[in-house]
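A.B. asks: Pasting a predicted model and its sequence here:
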Amino acid sequence: MIPALEALDRLRQGNRRFVADIRGRDSLSGETRRREVVDGQEPFAIMLGCSDSRVPAEIVFDQGLGDLFVIRVAGNIVAPSQVGSVEFAAERFGTRLVVVLGHSKCGAIAATLEELGRPSGAQSRNLWSIVDRIRPSVEPLLEMDHRHDPDLLLEQAVRANIRASANHLRHGSEILEQLIQKDGLLIVGAEYSLETGVVDFFDGMPK
């Protein structure tokens, strides 16, 4: 079992390699590594990320087969199936780091802000299920001064949604709460910059 802080350091190092365009994990994605993980996996981090095609966690953190347990859904929202997936990996594999990974210019967040500002009624019931989960974290921002600055509003909304998802995981599961209290599970929020490739871990970081 890899402690949470060591896992976090691995991710930071991997992201630095990615930003510098230095691939350091080729050996962990080839045939040898593929054979190694046939009979089991020991992912050192759990990722709850957005489905956006520009933010594949394994590439962003320069990791290979078997390194990350990745859950992806538009807007990195937390629904029961996502909570269950995190619980499964944390219990089954002993993974002690969970990262909620959002990203700049998130389309799901932008769509939610648009719907809150100008309800269209055109969204399907399934898409509304995503909007409804994002809404509570971003709606208060529409009452603040920067609501008139679309770019700033989106920036703030992305981070608010990441914080909300991370808090949901911390406090919406008895299993995860016990693992936090007794077994060193750490749940953090991070934002990937589409512009720079840098991941900023900004929520829930240990002091």
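C.D. replies: Happy to help now that I have it. Everything numeric here is computed off the predicted structure, so don't read it as measured data.
A.B. asks: rest of the way, CA atoms for contacts and neighbours
C.D. replies: Will do.
A.B. asks: For the helix or strand of the chain with the lowest mean pLDDT, what is the distance to the chain centroid?
C.D. replies: In the chain, the helix or strand scored least confidently by mean pLDDT, DSSP states H and E is helix 31-36, which has a mean of 82. Counting by CA atoms, centre = their mean, to the nearest Å, helix 31-36 is centred 27 Å from the centre of its parent chain.
A.B. asks: For the very next helix or strand once past that helix, output the C-alpha coordinates as PDB.
C.D. replies: Where DSSP states H and E defines the elements, the next helix or strand beyond helix 31-36 is strand 45-49. This file holds the C-alpha atoms of strand 45-49, laid out as PDB (Å, rounded to 0.1, in the frame of the first residue of the first chain):
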ATOM      1  CA  ALA A  45      -4.400   6.700  -6.900                       C
ATOM      2  CA  ILE A  46      -8.100   6.900  -7.600                       C
ATOM      3  CA  MET A  47      -9.200   9.500 -10.100                       C
ATOM      4  CA  LEU A  48     -12.700  11.000 -10.400                       C
ATOM      5  CA  GLY A  49     -12.300  13.100 -13.500                       C
END
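A.B. asks: helices or strands up against strand 45-49?
C.D. replies: Under the contact definition 3 or more CA pairs under 8 Å, 6 or more residues apart in numbering; DSSP states H and E, strand 45-49 sits against strand 68-72, helix 80-93, strand 97-103.
A.B. asks: buried stuff in the top helix by length along the chain?
C.D. replies: Using DSSP state H to define each element, the chain has its longest helix at helix 150-171. Using 16 or more other CA atoms under 10 Å as the test for burial, helix 150-171 gives 153-167, 169-170.
A.B. asks: Please apply the same query to stretch 67-84.
C.D. replies: Using 16+ other CA under 10 Å as the test for burial, stretch 67-84 gives 67-78, 82-84.
A.B. asks: out of the residues you listed, who's nearest residue 91?
C.D. replies: Using CA to CA, residue 84 comes nearest to residue 91 of the buried residues of stretch 67-84, at 10.4 Å.
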